[in-house]
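*Asks:* for reference, the sequence and a predicted model appear below.
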Amino acid sequence: MPVEYLALVCLTFIVGGIFKGATGIGAPLVAIPTMALLVDVPFAVAVFLVPNILSNAWQTWRFRKHNPADAFAWKFAILGMIGAGFGTLVLARFSGLALMNTVAVLILIFVTFRLKNPKWSLNWNLAKRLVVPVGAVGGFLQGSTGLSAPITVTFMSSLNLRREEFIFSMSLFFFTMTLVQIPAQLALGVLNWERFIYGVAAFVPFIFGMLVGGVLGKKLPKSTFDKAIIAILTLLALRLLASNFLG
């Protein structure tokens, strides 16, 4: 890979790390599309796997004392793993194009609603009843389409959690999803030693970005943090629509 490409990838991982450190999400939205412009998509996805699992493991451990009540995050993550297993089984026969377009539109509707009603949050008792099906559906989408954030991040954003609770919950969920992805990528030949080594190297600029993002995130007022999540959701929805309609 040319030096200028390596420099761009390094910068991309730093920026992705800043997003991850500050909000707990957003890194794949930055890193994978940029890498995919330089290399093929399977290479980009495989290389990002190492920084993804290490960063989520670290944030899960770091924010472990901020687990929402009623084992909420654990139910979310465990059902996500189960859903991902079923999603992987139907991966070859499942076309998620129409579903992803629908989800993208629903995200934009949710974003518009939240902007007009910034103090609104989903009732906790209702959220406890929804966590199991939403976790399972999010996992299924991860296994079948490779993308769970449109459902999972939107749901968690609606709970109006504190920054630390949000980061713990999402990091735990994404960590368990990665545990499902590893054997699948190995079996399909997507992940190999070369890509693993690139992934380990990419974790260096990524963790630097996370440290910077962590410092910035601590200084974010709750309202600003919520707006950052809304901005990421908006970008995610627009990216889904653009990739589906423009190819």
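*Replies:* Yes, it's here.
*Asks:* can you give me the helices for this protein?
*Replies:* 3-23, 27-38, 41-62, 72-89, 97-116, 124-145, 149-157, 163-188, 193-218, 222-246 (DSSP state H).
*Asks:* count the neighbours of V45 for me.
*Replies:* 20 (other Cβ atoms under 10 Å). The way it works is simple: take the backbone N, C-alpha and C, and place the C-beta from them, glycine included.
*Asks:* make residue 1 into 47 and carry on from there
*Replies:* Renumbered: residue one is now 47, and that last one reads V91.
*Asks:* Provide a list of residues in contact with the nearest residue to it once chain neighbours are set aside.
*Replies:* Residue nearest to V91 in three dimensions, not counting chain neighbours: I78, with 6.4 Å by Cβ to Cβ, 6 or more residues apart in numbering. Under the criterion of Cβ atoms under 8 Å, 6 or more residues apart in numbering, the neighbours of I78 are 87, 90-91, 94.
*Asks:* let's see that with 7 Å instead.
*Replies:* Residues in contact with I78, defined by Cβ atoms under 7 Å, 6 or more residues apart in numbering, are 90-91, 94.
*Asks:* before we move on, what about K265?
*Replies:* Counting by Cβ under 7 Å, 6+ apart, K265 touches no other residue.
*Asks:* pLDDT below threshold where in this structure?
*Replies:* 47-48, 82, 136-146, 191-192, 290, 292-293 (pLDDT under 70).
*Asks:* what is the neighbour count of the nearest residue to T224 once chain neighbours are set aside?
*Replies:* Leaving aside its sequence neighbours, T224 sits nearest to I99 (Cβ to Cβ, 6+ apart; 4.2 Å). I99 has 19 neighbours, counted by other Cβ under 10 Å.
*Asks:* circling back: deepest of the helices of the chain, which one?
*Replies:* Of these, the one with the most neighbours on average (mean count of other Cβ atoms under 10 Å) is helix 195-203, at a mean of 23.
*Asks:* helices or strands next to it in the packing?
*Replies:* helix 143-162, helix 170-191, helix 209-234, helix 268-292 (3 or more Cβ pairs under 7 Å, 6 or more residues apart in numbering; DSSP states H and E).
*Asks:* what's the closest of the ones you listed to K111?
*Replies:* Smallest distance to K111 across the helices and strands packed on helix 195-203 (Cβ to Cβ): 8.2 Å, for helix 209-234.
*Asks:* would you turn the contacts of I78 into a markdown table with distance to L284?
*Replies:* Shown next, in a markdown table, are the contacts of I78 (distance: Cβ to Cβ, whole Å):
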| residue | distance to L284 |
| --- | --- |
| A90 | 20 |
| V91 | 20 |
| F94 | 21 |
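*Asks:* of all the residues you listed, which comes closest to W104?
*Replies:* Using Cβ to Cβ, F94 comes nearest to W104 of the contacts of I78, at 15.4 Å.
*Asks:* thinking again about what came up before, which one of the helices and strands packed on helix 195-203 lies closest to M127?
*Replies:* The closest of those to M127 is helix 209-234. By Cβ to Cβ, the value is 4.7 Å.
*Asks:* now do the closest one: which elements does it pack against?
*Replies:* Counting by 3+ Cβ pairs under 7 Å, 6+ apart, helix 209-234 packs on helix 87-108, helix 118-135, helix 170-191, helix 195-203.
*Asks:* what's the closest of these to V151?
*Replies:* V151 sits nearest to helix 195-203 of all the helices and strands packed on helix 209-234, at 10.3 Å, using Cβ to Cβ.
*Asks:* before we move on, back to that, closest to G67 out of the helices and strands packed on helix 195-203?
*Replies:* Nearest of these (Cβ to Cβ): helix 209-234, 9.1 Å.
*Asks:* and the closest one, how far from the chain's centre?
*Replies:* Chain-centre distance of helix 209-234: 8 Å, with Cα atoms, centre = their mean, to the nearest Å.
*Asks:* repeat for stretch 241-257
*Replies:* 17 Å.
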